[in-house]
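Novice: Would you be able to build a 3D model of this:
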Amino acid sequence: MNRPPLLDRRTFGAGLAIVATSLALSGCGESSAAHEETLYFTAIPDQNTTELIQKFAPVAVYLSEQLGVPVEYKPTADYPASVEAFKNGDVQLAWFGGVTGVQARQTVSGARAIAQGKVDPEYVSYFIAHVDAGIEPTEDFPTAMVGKKFTFGSSDSTSGRVMPEFFIREATGKSPEDFFGIPNAYSGAHDKTAKLVEAGTFDCGALSYKKYDSMVKQGKLDPAKCVKVWTTPSYPDYNWTAHPDLDERYGPGFTDKVQKAIVSVSDPALLAALQREEGMIAATNADFESIAETMVSFGHGR
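Specialist: As a prediction, the model looks like this:
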């Protein structure tokens, strides 16, 4: 199956220039790190690409300082492209969702989930609705969504598609297509889902609670128009996954060094950039077995 390619790096020259400048200012200059092979990392594009470039620039600087090698963020076009870049070794580290992390580790033998936010073992999705859709907030699954125009985020999103679909099937005994009466629609990202529902283009949708809350806090979303109607049960989600190439390129134990650097992040600005103000903790592949089982339960990604 053909996968979308990585975005043209020239498009992101300005963002990557921020990283290069910051590295120079940090004192790396002519150090031995400048002569090491660059470590590339990526992240699933679950929001505006420009925002992601800005968000991960200081993360690249921090990792370079901690690891003693040059580090660059490499943007990708969509969720499958992130997994493909990891599979091909174009990136050696990635901030994945629960589903994309499972896909990447199933594809690359020896890949390890090494870190996650303190909130990620108990992540949730919000189901949202336009104020005029006639769907009231509820503690139980919002059955009033039946027959409404609904959108997921990316087709491979844990919090924007896979787990919401799981809860729809569990509550109704029907596929989303049967429950809503239309083919599945995908906005491509959490922020796009929120804005489409706010505008009334779709009656309702599902997305990451983190993205909804941050958009409301930043004044980018009107909760009176885009109403949170249901919070799902919890499940494991986002994670940093390391490629086995890390130890091959930089020596035995380097992956553990990366893990320590990520788990040790304490700078509030860096944690805010990662939308993990609560802090980071270690992770293992076993933490995401329930996601793998859920994927198998309705044939996702198989």
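Novice: Tell me where the stretch 151-300 of the chain has helices.
Specialist: Along the stretch 151-300 of the chain, the stretches classed as helices by DSSP state H, counting those that start in this stretch are 163-172, 176-180, 190-199, 209-217, 245-250, 254-263, 268-273, 289-297.
Novice: where does the last one sit relative to the chain's centre, distance-wise?
Specialist: Spelled out, that is helix 289-297. 18 Å (Cα atoms, centre = their mean, to the nearest Å).
Novice: on that earlier part again, highest average neighbour count across the helices of the stretch 151-300 of the chain?
Specialist: Mean neighbours per residue, mean count of other Cβ atoms under 10 Å, is largest over these for helix 190-199, with a mean of 22. C-beta: built from backbone N, CA, C; applies to glycine.
Novice: what's the spacing between Pro121 and Phe179?
Specialist: For Pro121, the distance to Phe179 (Cβ to Cβ, to the nearest Å) stands at 29 Å.
Novice: Neighbours of Gly251, how many?
Specialist: Neighbour count of Gly251, defined by other Cβ atoms under 10 Å: 9.
Novice: Could you pull up phi and psi at it?
Specialist: Main-chain dihedrals, Gly251, degrees, to the nearest 10: phi 110, psi 160.
Novice: Dump the C-alpha coordinates for stretch 220-235 into PDB.
Specialist: The C-alpha trace of stretch 220-235 is given here as PDB (Å, rounded to 0.1, in the frame of the first residue of the first chain):
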ATOM      1  CA  LYS A 220      -9.700  29.200  20.100                       C
ATOM      2  CA  LEU A 221     -13.000  27.400  20.600                       C
ATOM      3  CA  ASP A 222     -16.400  28.500  22.000                       C
ATOM      4  CA  PRO A 223     -17.700  25.800  24.400                       C
ATOM      5  CA  ALA A 224     -21.200  27.400  24.200                       C
ATOM      6  CA  LYS A 225     -21.300  26.500  20.500                       C
ATOM      7  CA  CYS A 226     -19.100  23.400  20.600                       C
ATOM      8  CA  VAL A 227     -20.500  21.600  23.600                       C
ATOM      9  CA  LYS A 228     -18.900  18.700  25.400                       C
ATOM     10  CA  VAL A 229     -21.600  16.100  25.800                       C
ATOM     11  CA  TRP A 230     -19.800  13.000  27.000                       C
ATOM     12  CA  THR A 231     -16.500  11.900  28.500                       C
ATOM     13  CA  THR A 232     -15.500   8.300  27.600                       C
ATOM     14  CA  PRO A 233     -14.100   5.700  30.000                       C
ATOM     15  CA  SER A 234     -10.300   5.900  30.200                       C
ATOM     16  CA  TYR A 235      -7.700   4.000  28.100                       C
END
